[in-house]
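sequence first, predicted model second:
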Amino acid sequence: MRHRHSRGARATALSLISVLLFTLLGGCGGGNPVNPPAATSGIVTTGASATSAAAAALGVGDGAAWQDSQSLTVPADSAFLFVSSCADQAGANLTGASVRLTSPSGERTITLGESALAATGFTEADLASATTDPALEAYADSIAGELPAQPSDDDVAELLSRLKNGDPEGTLPGLPDGLADQVDTYRETIDGLTNAIPASDTPPGPTDGLLVVGPEAGTWTIEVDAEASAGAFLVLAWAVPADAEGLGIDAMSQGLAGAATAAGVRAGPAGPRYLGADGGDPGCVQCMNQFKSPAAYTAEWFRAKAIGAVWFCLKWAQMRALFTKFIDYMFAIVNPTVMSAIGLTAAGLKEKAILTGVIVWNLLKIVPQKAEEVFWQYAFVMQSAENYCMVCYLGLKTPYEGGLLKRYNINPPVIVMEPDYTLTVELCAFNIAKDALEPPAYWGFGGGEHGAGHGSATWALTPSSVATLTPSGVHNSQCTIKSPNEPEILAARIEVTLGSQPALGHFGLNIEEPEKQYTVHGQGGASSGFGVDDNLDILKGTQVLYTTGYGMSGTKGPAVFKAKKGDVLTFQVRDTYGHCSGLQAIYISDEAGHTDLVHETWDQGCGHGGGDRGVQLTFTYTVPF
């Protein structure tokens, strides 16, 4: 490959990324290296069809040298030929192994081995888009500063919501006019190429993958020569049909799994656990585990490997600034059945793919691991309508009628209620990508026209005596909480589950007396003062509720402040000027007319010398009403 060093090369990444995300994907991969279970090394291939032409070279890394040669029929009018070594295999760099693809004419070859990927006989095409890439890059740069240096899941979800105008008070610029149409035009341009590969400053490695645009049709030869020292590897060669979108990967995966079964390659156990996967509780982690690491050699396994390979190809495109092609990868993840099930229009899909791609693009530059998480979440929800509507987070709506972020609180604070009070709360639900699922009919892809119901929410309170819960509304999405008049326990935990959905909502509930006005006064009633020599402070914790400051001795007050039943108040008598110190009897009253003696008269006497002697009397008092 020729080497170029220019900003044009960087801009190239923005176009290529756009298109690849609409053409290749439908599942998830990644994680720690793992060898597949014991089986026979070899090449398995699908039959030639419009949607499933693929081959997989499977090396099990059992210490035995092996060779094999098989044919892959690439259908006419295939959009791409995608070749990659899956990065999560122990021998992914193909040390001690070589995998070679030769075109039907013999004029073109692709060779993977010894940490390198070489291609001969292809046209190196500059896949940049002079129009689309700069617009996408400028848009991405304009919002890059909205993410912190180490963004959390919530930071990313918040930014995505703002990009989708979910918060009218914090909106960001929308997509530049005509950008979605420009991406379509770019795709049409790419479709017109034949036997072309992306030009690059540096060639890809085996796990970066190679994308051949408009590959030569006919029977390709795949040859493997693996030494005994070669580790386990999986090299995927996949002819992607034109306009297959997300359906192509399913047919390809099923075809390879069937071929593996016919060849005697048995399914193995699931791969490594992804304990760091996103999700509000272990149920969501398990869903991502199963999606990323299913049993070996099943259709789900081949799908996950293909998507994992595309992720690495996507990163390769990002590093070369093929932004429009990057966005096209995002399009490719989508299964069209998802769009119809959730009412997502073609225009809406373009916007969602571009917005998510912009986020992933920015995260790749600052926190690659977080970019990968966002990518897998997006891949998961767009793989099927069931996945999109799977509830992984349960939060509470707020009374605020503004933007999405204000109305749907994914991390609600503790619910605080007064005794003898009734409050109604309402659930809000989110999928694993933290898209709000609204209305509740979408929760779990159940109800109405969206398929079988998923069940209703179950509300539980621990300890149960703190309050009474009465669920109501669609799928019990609402719940009325009634606190007792005189609660014996003041704190509890509410847990909410939703039928078969993996989400677990958990909210704190505290029963607290309301603050009200109190008056500390003398024995003449609430309007009377009290004598103090020299000054008096009233505190709640470190908060000063009342002070006479630094005045001379005499009649002070009454002291008026806010507190609540059960608060512990601290009283301090200060002898500011010396000689004498004392306090007349003081009382406390509330607006309901309750009165109680706080402290009897105290007299320290005189003759103690001049000057500020500080606090001479300290006592505490617990508000009883």
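On my side now, so go ahead.

off-centre distance for stretch 187-195?
Remark: stretch 187-195 is offset 34 Å from the chain centroid, using CA atoms, centre = their mean, to the nearest Å.

quick check: buried residues in it?
187, 190-191, 195 (16 or more other CB atoms under 10 Å). Where you see a C-beta, it was placed from the backbone N, CA and C, and this is true even at glycine.

what's the span of it, first residue to last?
16 Å (CA to CA, to the nearest Å).

quick one: average pLDDT of it?
Regarding stretch 187-195, the rounded mean pLDDT is 81.

quick revisit: just the ones of the buried residues of stretch 187-195 in strands?
Judged by DSSP state E, strands contain none of the buried residues of stretch 187-195.

Ala79: which of those is nearest?
Asp191 (6.5 Å; CB to CB).

distance check, that closest one against Trp66.
38 Å (CB to CB, to the nearest Å).

out of the buried residues of stretch 187-195, which is nearest to Ala353?
Arg187 (12.1 Å).

just flag the most distant two among the buried residues of stretch 187-195.
Farthest apart among the buried residues of stretch 187-195 - using CB to CB - are Arg187 and Asn195, which lie 18.1 Å from each other.

what's around Leu569, how many residues?
21 (other CB atoms under 10 Å).

what mean pLDDT does stretch 88-106 have?
On average, stretch 88-106 scores 95.

what residues sit buried inside that stretch?
Neighbour count says stretch 88-106 has 88-94, 96-103 buried, by 16+ other CB under 10 Å.

can you give me the offset of that stretch from its chain's centre?
Worked out by CA atoms, centre = their mean, stretch 88-106 lies 35 Å from the chain centre.

and the end-to-end length of it?
Note: stretch 88-106 ends 31 Å apart using CA to CA.

likewise stretch 62-69?
19 Å.

likewise stretch 522-536?
Start-to-end, stretch 522-536 (CA to CA) is 13 Å.

hmm, who's touching it?
519-521, 546-559, 571-577, 580-587, 589, 595 (CB atoms under 8 Å, 6 or more residues apart in numbering).

among those, name the buried ones.
Buried among the contacts of stretch 522-536 by 16+ other CB under 10 Å: 519-521, 546-548, 553, 556-559, 571-577, 581-584, 586-587, 589.

can you flag which of those residues belong to strands?
Per DSSP E, the buried ones among the contacts of stretch 522-536 map to strands at 519-521, 546-547, 556, 559, 571-575, 581-583, 586-587, 589.

which regions of this structure sit below the pLDDT cut-off?
1-39, 48-52, 127-131, 133, 160-174, 242-248, 265-283, 316-350, 399-408, 445-454 (pLDDT under 70).

which parts of it are helices?
Under the criterion DSSP state H, the chain contains helices at 7-20, 132-144, 153-163, 179-191, 247-262, 282-292, 299-319, 323-332, 336-342, 346-366, 368-381, 385-388, 404-407.

now Gly42, nearest residue through space, not along the chain?
Computed as CB to CB, 6 or more residues apart in numbering, the closest residue to Gly42 that is not its neighbour in sequence is Asp68, at 5.1 Å.

the buried residues of stretch 88-106 in strands, which ones?
97-102.

between those residues, which is closest to Phe82?
Using CB to CB, these come closest to Phe82 at Leu101, 11.3 Å.

where exactly do the strands run in the stretch 401-550 of the chain?
Using DSSP state E, counting those that start in this stretch, the strands assigned to the stretch 401-550 of the chain run over residues 408-409, 415-417, 422-430, 457-462, 468-472, 478-482, 491-498, 504-511, 516-521, 530-533, 535-540, 543-547.

who wins for proximity to Thr109 among the ones you listed?
The closest of the strands of the stretch 401-550 of the chain to Thr109 is strand 422-430. By CB to CB, the value is 48.0 Å.

ok so, going back, pretty sure the residue nearest to Gly42 is touching Thr221, no?
No - the criterion here is CB atoms under 8 Å, and Asp68 misses it with Thr221 at 11.1 Å.

present the ones in strands among the buried residues of stretch 88-106 as a markdown table; the columns should include distance to Gly145.
Output for those, formatted as a markdown table (distance: CB to CB, whole Å):
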| residue | distance to Gly145 |
| --- | --- |
| Ala97 | 45 |
| Ser98 | 46 |
| Val99 | 43 |
| Arg100 | 46 |
| Leu101 | 44 |
| Thr102 | 49 |
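
closest one of these to Ala125?
Leu101 (19.0 Å).

pick out the most distant pair among the buried residues of stretch 88-106.
Ala90 and Ser103 (30.0 Å).

what's around the closest residue to Pro368 other than its chain neighbours, how many residues?
Of all residues not flanking Pro368 in the chain, Lys315 sits nearest, at 7.5 Å (CB to CB, 6+ apart). Here the count is done by other CB under 10 Å, and Lys315 has 22 residues near it.

can I assume Lys315 is in contact with Leu364?
Yes - in terms of CB under 8 Å, Lys315 counts as a neighbour of Leu364; the distance is 6.6 Å.

now the common contact residues for the two.
By CB under 8 Å, 6+ apart, no residue touches both Lys315 and Leu364.
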